[in-house]
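**Student:** Here is the input, now give the coordinates:
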Amino acid sequence: MKDPVSPGKDAQSKDEQGRQSADKQPKREPRHARLRKHALVNKGKSGEPKWILRRFCQLLAYTIMLPLFRVKVTGVENIPKGPCLLSPNHISYADGLIVFALTLRYRMPMRVLAKRELWSFAPLGWVLDSAGVMPISREKADLDTLRMASSAIKAGDSMAIFPEGTRVRNEDMKTDKDRGMGEAFGGAAWLAIRNDVPVIPVAIAGTELIRPEGMKLMRFPRVVVHFGTPLVPDEVVPSSEYKRKDRIAKLTELVMDGLAQALEIARKENAARGRRK
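**Tutor:** Alright, predicted model coming up:
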């Protein structure tokens, strides 16, 4: 005959079981991790952007941004047919919208990497998710997002990533002051080398005049976008001559050199447009 269990011992046993089950429950993920996953899941099984909303966002940007800033595009012959990496300079919030609008004009399946902080405002985050934009941290090397971006490239999408990582104005520049650019990060080069896709320096001239320093009201200047010469990793930084880390550093340097050359062309063209008014 089994010994009866006293009520006190039974209650203590239930308390221990409750504590053990609580310990086994998974911890809640940090907010930035949930946001990153949400940016790709998009409420669907495929993990792809909602194509209807994505096309609507493209049409909206195309209809508003290109006519509003009278955008002229040069160097279109440098846009490859397959997946590529677009590396634009970044001076204004309008830069990303203009590049996004141009992907519709030239029928480029495009994903864009943007700062993670934009997802802190839920409605904007939903729009960005629908448009296929992916959040990335600017504070450290965000390898998780870069790997997801790499998967998107392998699936056939092109990717736009600002090599400077943030908007750069004159007072923020640490290097390349004469070229009108800031310090570059290696994310674009890492993605290009990992996926063996060309990097296209994309120069945007004119957006720095949308809201000049010291002015509160916005302007709507003419804008020129120039697609520079493609940089194919295996051609400009062959793996037989560089170690992986050195390849990323050298390709980043070449991207910024190409961007400086493209920016000079775009500025000259924009200045010529102004004289022809």
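**Student:** phi, psi of residue 73?
**Tutor:** In terms of degrees, to the nearest 10, the main-chain angles of residue 73 are phi -120, psi 130.
**Student:** I'd guessed it sits against residue 223; true?
**Tutor:** No. Counting by C-beta atoms under 8 Å, residue 73 stays clear of residue 223, with 9.6 Å between them. All C-beta atoms are positioned from the backbone trio N, CA, C, and that covers glycine.
**Student:** more neighbours, the two?
**Tutor:** Higher neighbour count among residue 73 and residue 223: residue 223, with 27 against 19, using other C-beta atoms under 10 Å.
**Student:** show me the contacts for residue 211.
**Tutor:** 92, 217-219 (C-beta atoms under 8 Å, 6 or more residues apart in numbering).
**Student:** how about it, secondary structure?
**Tutor:** Of the three states, residue 211 takes coil according to DSSP: H, G, I helix; E, B strand; the rest coil.
**Student:** Low-confidence regions, the stretch 1-150 of the chain specifically.
**Tutor:** Counting by pLDDT under 70, the stretch 1-150 of the chain contains low-confidence ranges at 1-50.
**Student:** Sticking with residue 262, tell me its helix or strand.
**Tutor:** helix 244-275 (DSSP states H and E).
**Student:** Quick check: buried residues in that helix?
**Tutor:** Under the neighbour-count criterion of 16 or more other C-beta atoms under 10 Å, helix 244-275 has 247-252, 254-256, 258-263, 265-267, 269-270, 273 buried.
**Student:** Would you mind pulling up the elements that that helix packs against?
**Tutor:** strand 72-74, strand 85-88, helix 187-195, strand 199-205, strand 224-227, helix 233-236 (3 or more C-beta pairs under 8 Å, 6 or more residues apart in numbering; DSSP states H and E).
**Student:** Swap in 6 Å and give it another go.
**Tutor:** helix 187-195, strand 199-205, strand 224-227 (3 or more C-beta pairs under 6 Å, 6 or more residues apart in numbering; DSSP states H and E).
**Student:** can you give me the angle that helix makes with helix 187-195?
**Tutor:** Orientation check (axes from the mean of the first three to the mean of the last three C-alpha atoms, to 10 degrees): helix 244-275 against helix 187-195 gives 120 degrees.
**Student:** gap between helix 244-275 and the chain center?
**Tutor:** In terms of C-alpha atoms, centre = their mean, to the nearest Å, the centre of helix 244-275 is set 18 Å apart from its chain centre.
**Student:** Ok, stretch 97-105 next?
**Tutor:** 13 Å.
**Student:** Contacts for that stretch next, please.
**Tutor:** For stretch 97-105, the surrounding residues in contact (C-beta atoms under 6 Å, 6 or more residues apart in numbering) are 58, 61-62, 65-66, 88, 110, 160.
**Student:** Alright, calling it a day.
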